[in-house]
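S.K.: Give me a model of this one.
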Amino acid sequence: MPRAPTTSDSFNAVAEPRRRDILNFLAPAERPVGDIVERLRLPQPSVSKHLRVLLDVGLVEVRREGRQAFYRTNAEAIKPVHEWTSQFERYWRRQLTRVKERAERESDRSSTTTTQRRQS
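M.R.: From the prediction side, this is the model:
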């Protein structure tokens, strides 16, 4: 089955690490392209290309002020990705709880054994 183009699917768009870096950088506030280039140390044409993909799938929005373009994340468009990944967060939280409980049981057994040896 052929993979969907990155310009039509937010999941494919965020599969590219540099686009995730851009989204992370834009999460707290809107930024001009120059700030993204400087902070992420990527060539300007590359940043523009990645922003175009993110814009096309709706993960970022742009505001123009004169000749300057300011980009920001679109939280509503990111929501489906977040909801999908949250199911794995719940899974790992349950797994880590089980590991913790097992470690505590082992620790309790070890403490009991040590105490019994001292009393003997």
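S.K.: neighbours of residue 73, just the number please.
M.R.: Counted with other Cβ atoms under 10 Å, residues neighbouring residue 73 total 20. Every C-beta, even on glycine, is put in place using the N, C-alpha and C of the backbone.
S.K.: lowest average confidence, helix or strand, in this structure?
M.R.: Ranked by mean pLDDT, DSSP states H and E, the weakest helix or strand in the chain is helix 75-119, scoring a mean of 83.
S.K.: so what's the spatially most central residue of the chain scoring on pLDDT?
M.R.: Nearest to the mean C-alpha position of the chain, counting by Cα atoms, centre = their mean, stands residue 20 at 6.6 Å. Listed pLDDT for residue 20 reads 95.
S.K.: Then the one 3 residues further on?
M.R.: Reported pLDDT at residue 23 in the predicted model: 96.
S.K.: if I read this right, it contacts residue 73, doesn't it?
M.R.: Yes. Here residue 23 reaches residue 73: they are 5.8 Å apart, a contact under Cβ atoms under 8 Å.
S.K.: For those two, list the residues in contact with both.
M.R.: With contacts defined as Cβ atoms under 8 Å, 6 or more residues apart in numbering, the residues shared by residue 23 and residue 73 are 59-60.
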